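> need coordinates for the following:
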Amino acid sequence: MTNNQIFSNPINNPIGAVPPEYSAAQSGVYYTITTGAQTVSGVNGYMALELTNPANSGKTIRFELIRATSSVSSIISLYRNATLNVSGTSATPRNTNWGFTDSSKVTGTWVAQTGDPVTGGVLLQTIEQLGGPTEIDFNGKWLIPSKASNQTLIVLLQNKQANSEMSINVSWWEL
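Below you'll find the model as predicted:
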């Protein structure tokens with residue numbers, strides 16, 4: 001009898017040679033979101049992207065990659081279950097497989113301002129960025145499960161010099 005499962009489905013049963021993000025993209029459950037390039041004014045200006053897995057979404061979010069770019073030196077901080085203390089601009093997650101709709105459970109909001117927009121939460125990582133792009137590759141090892149309350153990840157950039165161009169891009173898949 002032929003074994004047609006030799007490469008399996010690496011998202012749910014990772015015994016094959018195909019990376020899970022490839023399989024997620026093929027299955028239409030791999031997403032990306034961006035703030036676009038934004039001007040952040042003043043020394044100690046901030047830009048934040050908040051990603052929320054809504055309460056009872058039924059989805060686990062597995063983060064693949066965070067790309068943060070700044071034209072000047074900055075600090076990148078990642079927070080679990082923090083909130084933005086101001087209303088921001090909505091950002092729409094996009095499916096990387098154009099054969100599927102943009103139907104992510106995740107919602108996104110970003111803000112750029114002179115004061116720190118983050119309240120509460122748990123600081124997970126802080127990275128010094130010396131200008132230019134920085135990639136933080138999680139390969140699905142950071143995840144947000146579905147819970148009875150909203151679960152968030154905030155990526156915060158703080159510039160160390162006046163006036164910079166910044167952007168934040170995040171990629172993930174959903175199970």
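
> show me what residue 76 is bridged to.
In this entry, residue 76 is beta-bridged to residue 127, residue 157, by DSSP bridges.

> touching, it and residue 130? I think so.
No: with contact defined as CB atoms under 8 Å, residue 76 does not count as touching residue 130 (11.2 Å). From N, CA and C alone the C-beta is placed, and that goes for glycine too.

> please identify which helix or strand holds residue 78.
strand 61-80 (DSSP states H and E).

> meant to ask about residue 131
With DSSP H and E as the test, residue 131 turns up in strand 122-144.

> which positions within that strand qualify as buried?
Neighbour counts over strand 122-144 (16 or more other CB atoms under 10 Å) mark 129, 134, 136, 140, 142, 143, 144 as buried.

> re earlier: what's the strand holding residue 78 packed up against?
The contact analysis (3 or more CB pairs under 8 Å, 6 or more residues apart in numbering; DSSP states H and E) places strand 61-80 against strand 122-144, strand 151-159, strand 164-174.

> kindly recompute the last result at 10 Å.
For strand 61-80, the packing partners by 3 or more CB pairs under 10 Å, 6 or more residues apart in numbering; DSSP states H and E come out as helix 20-26, strand 30-34, strand 38-40, strand 46-53, strand 118-119, strand 122-144, strand 151-159, strand 164-174.

> quick one: buried residues of that strand?
Going by neighbour count (16+ other CB under 10 Å), the buried part of strand 61-80 is 61-72, 74-79.

> tell me what the residue nearest the centre of the chain is bridged to.
Nearest to the geometric centre of the chain sits residue 170, at 3.4 Å (CA atoms, centre = their mean). Taking DSSP bridges, one obtains residue 33, residue 66 as the residues bridged to residue 170.

> isn't it up against residue 48?
No: between residue 170 and residue 48 there is no contact under CB atoms under 10 Å: 12.0 Å.

> mind listing the shared neighbours of these two?
Here residue 170 and residue 48 have 35, 155 as joint contacts, going by CB atoms under 10 Å, 6 or more residues apart in numbering.

> remind me which residues of this protein are low pLDDT?
1-17 (pLDDT under 70).

> list the contacts of residue 60.
53, 105, 143, 144, 145, 146, 151, 172, 173, 174, 175.

> before we move on, what about residue 50?
Contacts for residue 50 were tallied using CB under 10 Å, 6+ apart; they are 79, 82-84, 88, 91, 107-111, 117-118, 121, 152-156.
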